[in-house]
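A.B. asks: have a look at this fold, sequence not included:
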């Protein structure tokens, strides 16, 4: 969440990231997130967070530890308004990263003590990596301690982080794409990401070494776009509840509610387009939450009817940059549960 309230036209044209970012805390039902610090890094060692890294990320433990340290230092530098070159790890591409520490107050073994008391409640980290202002893209990754995997923490935190990533500025980062890269043998993570709406878009053949089986394995790339991701339904899919004061959620709720109202009105009007009324009502909804809607363009179809892009059936739930976006007719939440196979193999 950048410090400026309204981006200037020059900033929008240049698509440059802000020089400094305010990393927001994010609340979940099982965990809560705060900006990660360099002081948190030794806690990951105590948590044995790099255990089985070759299976989960395809890297060996030493390499995984090195990149996590780099991500946290880049995140801290950005929060302090420092250039990427001032992060202490250097980066000729000036890549930006946001790192949150994942904390829990849970007592799963009912021994009367918080499970992660020894690490000040920290059980791992979650990252938005290589945040690209030009392409409005970022990669998401979760690192959890050995004893905190498979308990549903990722399902609690990831939809909320992605909501922040896709939300328009200043509520969020205004991303167009969030992607992940997963070793083919990590079927558990693949299942979680697909449940979130990520779609397999390709693979890098023999990109990783599988030390356990002494063979190469593919690296699977999955992504989801702003018009394919529904923040509310992603939480519903995992049985999680909306927390309204999380960054981006207020905007998501208002936009979703208004989108439903528009669809209902169209059904009542026998699918008759009313672009002017829809646009005015949409702007009224955004004004109530203090968000300026993105530009929309009027188009004429083959039948001579006019409509706005923002009012089409394939429209995004988000209000920004409609004229420069592609819309998906196969948005995951329109086809939830259809033709989707999910692996349940444990790590």
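C.D. replies: Noted; the coordinates are in hand. As the structure is a computational prediction, the values presented were derived from the model and not from experiment.

A.B. asks: in stretch 222-240, what's buried?
C.D. replies: By 16 or more other C-beta atoms under 10 Å, the buried positions in stretch 222-240 come out as 222-235, 237-238, 240. C-beta here means a position set from N, CA and C on the backbone, and glycine is covered the same way.

A.B. asks: so which of the residues you listed belong to strands?
C.D. replies: The members of the buried residues of stretch 222-240 that map onto strands under DSSP state E are 222-225.

A.B. asks: farthest-apart pair in those residues, please.
C.D. replies: The span of these, defined through C-beta to C-beta, is set by 222 and 225 at 11.6 Å.

A.B. asks: skipping adjacent residues, who's closest to residue 252 in space?
C.D. replies: Distance criterion C-beta to C-beta, 6 or more residues apart in numbering; nearest residue to residue 252, sequence neighbours excluded, is residue 231 at 4.3 Å.

A.B. asks: the one you found and residue 130, how far apart?
C.D. replies: The gap separating residue 231 from residue 130 is 22 Å, by C-beta to C-beta, to the nearest Å.

A.B. asks: repeat that for residue 122.
C.D. replies: Residue 122 is 24 Å from residue 130, where distance means C-beta to C-beta.

A.B. asks: more neighbours: which of the two?
C.D. replies: More crowded of residue 122 and residue 130, by other C-beta atoms under 10 Å: residue 122, with 23 against 17.

A.B. asks: the residue nearest to that one when sequence neighbours are not counted and residue 228: what is the separation?
C.D. replies: Among residues not flanking residue 122 along the chain, residue 43 sits closest, at 4.7 Å (C-beta to C-beta, 6+ apart). With the distance defined as C-beta to C-beta, residue 43 ends up 35 Å from residue 228.

A.B. asks: residue 54 now?
C.D. replies: Per C-beta to C-beta, residue 54 is found 31 Å from residue 228.

A.B. asks: quick one on the thing from earlier: which outside residues touch the helix or strand hosting the residue nearest to residue 122?
C.D. replies: In the assignment (DSSP states H and E), residue 43 maps to helix 41-46. Helix 41-46 is touched from outside by 50, 65, 68-69, 72, 118-120, 122, 124-125, 143, 145, with contacts defined as C-beta atoms under 8 Å, 6 or more residues apart in numbering.

A.B. asks: my read: residue 59 touches residue 67, true?
C.D. replies: Yes. Assessed by C-beta atoms under 8 Å, residue 59 is found in contact with residue 67 at 7.3 Å.
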